[in-house]
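*Asks:* just coords:
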């Protein structure tokens, strides 16, 4: 399940892609045809990104500020460049994981 979520693969066959774009889920698996339209991750992946990456980013920003005392503009350059890719990665993995868990437990709501 975790390997499937990390690589964005179908939870049934493990070969087909589940993402049509960066965060858009396909309607069906490209390999085995598993229907993804009934599975919805909702706001779970966004909440994972907000809580996990937000907590890590704030802790790191405070540490960097205390340790190196950079100018405010340095923080303004560093943290968006760190937080945005990490948030998208966490959201993508969480979305794939929730889809896989819904498929595994046969939940369609």
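*Replies:* Sure thing, it's come through. All values derive from a computational prediction rather than experimental measurement.

*Asks:* C-alpha only now, for contacts and for neighbours.
*Replies:* OK.

*Asks:* which other helices and strands contact the longest helix seen in the chain?
*Replies:* For the chain, the helix that runs over the most residues, judged by DSSP state H, is helix 72-104. Counting contacts by 3 or more CA pairs under 8 Å, 6 or more residues apart in numbering; DSSP states H and E, the secondary-structure elements packed against helix 72-104 are helix 2-7, helix 44-48, helix 54-68.

*Asks:* gap between the residue lying closest to residue 11 once chain neighbours are set aside and residue 90?
*Replies:* Take residue 11 and drop its neighbours on the chain: the residue closest to it by CA to CA, 6 or more residues apart in numbering is residue 100, 5.3 Å away. Counting by CA to CA, to the nearest Å, the separation of residue 100 from residue 90 is 15 Å.

*Asks:* give me the three-state assignment for residue 14.
*Replies:* Reducing the assignment at residue 14 to three states with DSSP: H, G, I helix; E, B strand; the rest coil gives coil.

*Asks:* quickly note the distance from it to residue 32.
*Replies:* Remark: distance between residue 14 and residue 32 (CA to CA) = 9 Å.

*Asks:* so which of those two has more stuff around it?
*Replies:* When neighbours are counted by other CA atoms under 10 Å, residue 14 and residue 32 differ, and residue 14 comes out ahead with 18 against 13.

*Asks:* and the contacts of the helix or strand bottoming out on mean pLDDT in the chain?
*Replies:* Within the chain, judged by mean pLDDT, DSSP states H and E, the helix or strand with the poorest mean is helix 44-48; its value is a mean of 86. When contacts are defined by CA atoms under 8 Å, 6 or more residues apart in numbering, helix 44-48 is touched by residues 90, 91, 92, 93, 94, 95.
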